[in-house]
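Student: Predicted model and sequence below, questions to follow.
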Amino acid sequence: VRLVESGGGLVQPGGSLTLSCEGSGFDFSTSVISWYRQAPGKAPELGDLVVDIYNSDGSVNVVESLKDRFTASRDNAKNTVYLQMTRLKIEDTAVYYCTVFKGGNFHWGQGTQVIVST
């Protein structure tokens, strides 16, 4: 199982950013993929859930506090999920990880860092 996040970077408050997570080594189209975020240097497993992206119809469940700014989608043909973030705030600064539960374990990517700053 391999997950690779990309798309992070430096953005000003109020800006937008789209993150990508490409998966391989498992049946991507039947898997629920989630995005978490965590402070740099801390374990992603202890981070905060951002969104679950379901497999059956691609529906998403964004945590309530972020619903008005974040959304997510998936492209099973590309084995990729996306996290679309708008009206970014300084407190959105974090390392963003995607994860999938397979074989009794959560598998994590290496993360992509988002810095919201002036």
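Tutor: Yep, it's here.
Student: so what strands line up beside whichever strand or helix holds residue 51?
Tutor: Using DSSP states H and E, residue 51 sits within strand 48-53. Note on strand 48-53: by DSSP bridges, its sheet partners are strand 33-38 (antiparallel), strand 60-62 (antiparallel).
Student: Could you give the average pLDDT over that strand?
Tutor: Strand 48-53 carries an average pLDDT of 96.
Student: quick one, which of the strands paired with strand 48-53 is packed in tightest?
Tutor: Across the strands paired with strand 48-53, averaging neighbours per residue (mean count of other CB atoms under 10 Å) puts strand 33-38 on top, at a mean of 22. For glycine as for every other residue, the C-beta is placed from the backbone atoms N, C-alpha and C.
Student: List the buried residues of the strand holding residue 51.
Tutor: Across strand 48-53, burial judged by 16 or more other CB atoms under 10 Å covers 50, 51, 53.
Student: Hmm, the last one is touching residue 28, no?
Tutor: Spelled out, that is residue 53. No. With contacts counted by CB atoms under 8 Å, residue 53 stays clear of residue 28, the gap being 10.9 Å.
Student: Compute the first-to-last residue distance for stretch 74-94.
Tutor: Taking CA to CA, to the nearest Å, stretch 74-94 runs 22 Å from one end to the other.
Student: Return the member of the buried residues of strand 48-53 nearest to residue 107.
Tutor: Taking CB to CB as the measure, residue 107 lies nearest residue 53 of the buried residues of strand 48-53, at 15.0 Å.
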